[in-house]
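A.B. asks: Provide a 3D model corresponding to the input given below.
(one chain, ligands or ions: 1)
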Amino acid sequence: MDPVRTLMTVHAHPDDESSKTAGTVAKYSDDGVRTVLVCATGGEEGEILNQQFAGLISSADIADVRRQELKKATDILGYSEVYMLGYRDSGMAGSQSNSNPEAFCNVALDRATSALVEIIRKERPQVLITYGEDQSRYPHPDHLKVHEISILAFQLAGDHQYHPELGQAHQVSKLYYTIWSKARVIALHERYMQLGLESPFNDEALARPGQDEQITTSIDVYGYFDRKLGALRAHASQIDPNSQFFFGLSSQDQAAAYPLEDYRLAQSKVGTSFDVLETDLFAGI
Ligand SMILES: [Zn+2]
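C.D. replies: Residues are numbered from 1 along each chain as shown. Modelled structure (predicted):
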């Protein structure tokens, strides 16, 4: 048994750790759980969405800026350790940067998987969170690749015969996927309406199906919205501080509207029932 409870998240770009899984990590970190982020790329293709930075950051500097922003955000969230896999951002689907041989989407699957396996064997997490296979909502090649390498690494980190030179085999107990919850969008939209504020969700956004029927696990992060929004703000070059979507509601109003972060338990090695809604990622471990 590993005495330390460890939660690992695998994300694609700096800022994904703040827009997804942020409250969950802050909460478990406060509970004494070791929290580890693996970030696949440097976010080199990120667009400057904050007008204050327009023209001030060259494309050569963007990776440096984003590394500093990531450091600030992960400090706010309480991450114990951050690993960069060091691959290049592939850019949005269909963009020219997809064809860069250095781009994460073009890295050989075994090379990227073995890099993640090495970190899993070193950190020995019981819980791993990554993205699910259904990414039709946001089909970014780097997010798809994160899913691919995460499910392979979940299998292979515990396989003694797979690259034994990468460290002592370790089987992660539970693998989770982030979920796009429609209930959350509706709750936030209603809160904007109640407060007489302009909602960032138009009819099209409200009509889109969610993944709610896949939710197996909901983590109550009511007290963690200040840190979640603080972490988002730390990505100052990427996130418009006037974004109605991220900051149109105060942290208190967001927490009151929908205090949960939702997940799908994709695989469990500890005999978890998939029929009972979990409220703790470490349940059964
Ligand atoms: Zn991303």
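A.B. asks: for the ion, what's its nearest residue on the stretch 151-285 of the chain.
C.D. replies: Closest contact between the stretch 151-285 of the chain and the ion, by Cβ to the ion, is at Gln238 (9.9 Å). Every C-beta, even on glycine, is put in place using the N, C-alpha and C of the backbone.
A.B. asks: surely that residue and Glu45 touch.
C.D. replies: No - using Cβ atoms under 8 Å, Gln238 is not in contact with Glu45; the gap is 11.1 Å.
A.B. asks: taking the chain, what residue is nearest to the ion?
C.D. replies: His13 (3.7 Å).
A.B. asks: isn't that residue up against Glu47?
C.D. replies: No - with contacts counted by Cβ under 8 Å, His13 stays clear of Glu47, the gap being 11.5 Å.
A.B. asks: show me which of those two is the more surrounded one.
C.D. replies: His13 (26 against 10; other Cβ atoms under 10 Å).
A.B. asks: wait, what's in contact with that one?
C.D. replies: Cys39, Ala40, Thr41, Gly43, Gly46, Arg66, Asp89, Asp142 (Cβ atoms under 8 Å, 6 or more residues apart in numbering).
A.B. asks: is it fair to say it lies in a strand?
C.D. replies: No - under DSSP: H, G, I helix; E, B strand; the rest coil, His13 sits outside any strand and is assigned coil.
A.B. asks: could you report the pLDDT at it?
C.D. replies: Looking at His13, its pLDDT reads 97.
A.B. asks: if I look at it, how far off is Ser136?
C.D. replies: Between His13 and Ser136 the computed distance is 19 Å (Cβ to Cβ, to the nearest Å).
A.B. asks: and the helices in the protein, which stretches?
C.D. replies: Per DSSP state H, the chain carries helices over the ranges 16-19, 22-30, 62-77, 109-123, 141-156, 182-194, 203-207, 225-234, 244-247, 251-257.
A.B. asks: okay, those in TSV with mean neighbour count next?
C.D. replies: Below are the helices of the chain laid out as TSV (neighbours: other Cβ atoms under 10 Å):
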stretch	mean neighbour count
helix 16-19	24
helix 22-30	24
helix 62-77	20
helix 109-123	19
helix 141-156	22
helix 182-194	16
helix 203-207	10
helix 225-234	22
helix 244-247	16
helix 251-257	17
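A.B. asks: JSON lines please, covering those helices and showing distance to Asp275 and mean pLDDT.
C.D. replies: Formatted as JSON lines, the helices of the chain follow (distance: least, Cβ to Cβ, whole Å; pLDDT from 0 to 100):
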{"stretch": "helix 16-19", "distance to Asp275": "30", "mean pLDDT": "98"}
{"stretch": "helix 22-30", "distance to Asp275": "22", "mean pLDDT": "98"}
{"stretch": "helix 62-77", "distance to Asp275": "31", "mean pLDDT": "96"}
{"stretch": "helix 109-123", "distance to Asp275": "28", "mean pLDDT": "98"}
{"stretch": "helix 141-156", "distance to Asp275": "22", "mean pLDDT": "98"}
{"stretch": "helix 182-194", "distance to Asp275": "19", "mean pLDDT": "97"}
{"stretch": "helix 203-207", "distance to Asp275": "29", "mean pLDDT": "94"}
{"stretch": "helix 225-234", "distance to Asp275": "30", "mean pLDDT": "98"}
{"stretch": "helix 244-247", "distance to Asp275": "34", "mean pLDDT": "94"}
{"stretch": "helix 251-257", "distance to Asp275": "28", "mean pLDDT": "98"}
